[in-house]
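**Student:** give me the fold of what follows.
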Amino acid sequence: MKQLPLSLLALSLFSAASHGELTLSSADIQAGKMMPKAQEFAGFGCNGGNKSPQLSWSGAPAGTKSYAITAYDPDAPTGSGWWHWLAFNIPTSVNQLAAGASGHMPAGVVESRTDFGAPGFGGACPPQGDKAHRYQFTVFALDVEKLDLAPDSSGALVGYYLNGHTLAKKSLEALYQRP
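**Tutor:** So this is what the prediction gives:
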């Protein structure tokens, strides 16, 4: 196996450390913890606040030209999970979204159709009495300024384009259960 000269190794370690790693945090939800009622959907038998959580991110890699945010429940009893939020074309000047930002996004941001059939954040709404579901909030650092997708694009289509343009991504997984 060929070894890198020490100076190249040091330079690559310095470069990785100086750019950091993409991070994602929230004042409203915590990894592995139950989400508050504010993040429960309002409809389909759920009566929560349907409020998108506050999210902050940093450490995007060089070459990042835009961001996207998704919220996904892999435990939904559909066979294909459930898309709760798809927001893309978020400019690099934005590194946080306030609680309730869905529906009030910066100019140019697209909130695509969720599996509830409408654009914007659709909160947690697992079947009553089901086990706690995982809700994966993910920020994507993308290599394009814009995904040229219609606002009614499906979660699968948005996911396809996100995966094709992702430089880095970070997820925060919270839980929700209805007794």
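
**Student:** quick one, what contacts the nearest residue to residue 153 once chain neighbours are set aside?
**Tutor:** Excluding the flanking residues, the one nearest residue 153 by CB to CB, 6 or more residues apart in numbering is residue 112, at 4.9 Å. (Each C-beta comes from the backbone N, C-alpha and C, glycine too.) Contact analysis of residue 112 by CB atoms under 8 Å, 6 or more residues apart in numbering lists 86-88, 119, 149, 151-155, 158.

**Student:** ok, residue 51 to residue 103 distance?
**Tutor:** 10 Å (CB to CB, to the nearest Å).

**Student:** which one's more surrounded, the two?
**Tutor:** Ranked by neighbour count (other CB atoms under 10 Å), residue 51 and residue 103 place residue 51 first, with 19 against 10.

**Student:** what do residue 51 and residue 103 both touch?
**Tutor:** residue 121.

**Student:** which non-adjacent residue is nearest the spatially most central residue of the chain?
**Tutor:** With distances taken as CA atoms, centre = their mean, the residue of the chain nearest its centroid is residue 138 (2.7 Å). Spatial nearest neighbour of residue 138, chain neighbours left out: residue 171 (4.3 Å); criterion: CB to CB, 6+ apart.

**Student:** surely that neighbour meets residue 140?
**Tutor:** No - between residue 171 and residue 140 there is no contact under CB atoms under 8 Å: 9.8 Å.
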